[in-house]
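In: Here's my sequence, what's the structure:
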Amino acid sequence: MERLTGISTWVWESPLTDSILPGLLAKIAAMGFDAVELPLENEGDFTPAAVRESLAGNGLQPFVVGAMAPGRDLVAADQASVERTQAYLSACITMASSIGSPTVCGPFYAQTGRVWRMSHEQRRDAYAELRRNLHPVAARAQEAGVVLGIEPLNRYETSLINTVDQALEALGPLLGNGVGLALDSYHLHIEERSVAAAVRAAGEHLVHVQVSGNDRGAPGGDQTDWKGFLRVLDEVGYGGPLNIESFTADNAAISIAASIWRPLAPSQDQLAERGLAFLRSL
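Out: Below is the predicted model:
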């Protein structure tokens, strides 16, 4: 199956701003990518008009992703924090709708890096709280014609949703109603006993896929069974993009958040080019 191949601007920059957009998106298009992930870290970092202008003529399909920075929580948090998080996610939805992104994806349940132990009962209650607090955001997404792609993260970045099975349990009736699943090959290879079984379990709810090597660098030349991964994506009928998500070690905030302690390629441009060439070779 032919599918879009994209890349996150996080490979080069954080945060993404109006002033950065034109040159960076032109470079991404010139490299040969079909799509671009635009991380809206904070409302106002970039504007719909600037995105549309930067996209004009380069043929890139935009995909909005969010970031669960400190203070963004939908579970085990005070009401003010929940409301701020809901407002932030609503801003991401508005951005997506304004620029033609079909999805808004990210770990939209708790601050990335926040972990705590839970009993079975506490986890059950946390999932119920997540559904309550995510429900109005999902309704807003449906109204806007956008799907929220909820992303499981590895155990070092969250203790709430690590696997596809946990995501299915947590989201329950919200799935298919403004909510789907976003999967990242990096997290899948840490947490799932079988990546193929996890993708099959996600099935029709899979709305977005991010890829990187098992070291968080470019896909290809790593331990991942990439042909098997693409086969199971075809098997479940996934028609969305394959977007490379990696990060620059040159930005202190993002390198700490993503635990990027060393360069993952001779340059960020080479990381992008090698990843694209490999994905196209498949």
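In: distance of the closest residue to Arg274 other than its chain neighbours from Val115?
Out: Spatial nearest neighbour of Arg274, excluding adjacent residues (C-beta to C-beta, 6 or more residues apart in numbering): Ala218 at 4.5 Å. Any C-beta I mention is one placed from the backbone N, CA and C, and that applies to glycine too. According to C-beta to C-beta, to the nearest Å, Ala218 and Val115 sit 28 Å apart.
In: more neighbours, the two?
Out: Set Ala218 next to Val115 and count neighbours by other C-beta atoms under 10 Å: Ala218 wins out with 26 against 13.
In: Does the more buried one touch Gln268 like I think?
Out: No: the pair Ala218 / Gln268 is not scored as a contact, 10.1 Å apart, by C-beta atoms under 8 Å.
In: secondary structure element for Glu43?
Out: Glu43 belongs to no helix or strand when elements are defined using DSSP states H and E.
In: Next, it: phi, psi?
Out: phi -60, psi 130 (degrees, to the nearest 10).
In: What count of nearby residues applies to the residue nearest to it when sequence neighbours are not counted?
Out: The shortest distance from Glu43 to any non-neighbouring residue, by C-beta to C-beta, 6+ apart, is to Ala91 (4.0 Å). For Ala91, the count of nearby residues is 16 (other C-beta under 10 Å).
In: Equivalent analysis for the one 4 residues further on, please.
Out: Applying other C-beta under 10 Å, we find 23 residues neighbouring Met95.
In: thinking again about what came up before, ok, the residue nearest to Glu43 to Val236 distance?
Out: Taking C-beta to C-beta, one finds Ala91 at 31 Å from Val236.
In: now the residue nearest to Glu43, what's its secondary structure?
Out: Per DSSP: H, G, I helix; E, B strand; the rest coil, the local secondary structure of Ala91 is helix.
In: what does the one 3 residues further on give?
Out: The assignment at Thr94 comes out as helix when based on three-state DSSP.
In: Now it: closest residue in space, sequence neighbours ignored.
Out: Nearest non-adjacent residue to Thr94, counting by C-beta to C-beta, 6+ apart: Ala144, 7.1 Å away.
In: now that neighbour: how far from Pro241?
Out: 20 Å.
In: between these two, who's got more neighbours?
Out: Neighbours per residue, other C-beta under 10 Å: of Ala144 and Pro241, the larger number sits with Pro241, 24 against 16.
In: okay, now Trp116: neighbour count?
Out: 11.
In: now it, nearest residue through space, not along the chain?
Out: Nearest non-adjacent residue to Trp116, counting by C-beta to C-beta, 6+ apart: Ser159, 5.8 Å away.
In: can you give me the strands in the stretch 51-200 of the chain?
Out: With DSSP state E, counting those that start in this stretch, the ranges of strands along the stretch 51-200 of the chain come out as 61-66, 103-106, 147-150, 179-184.
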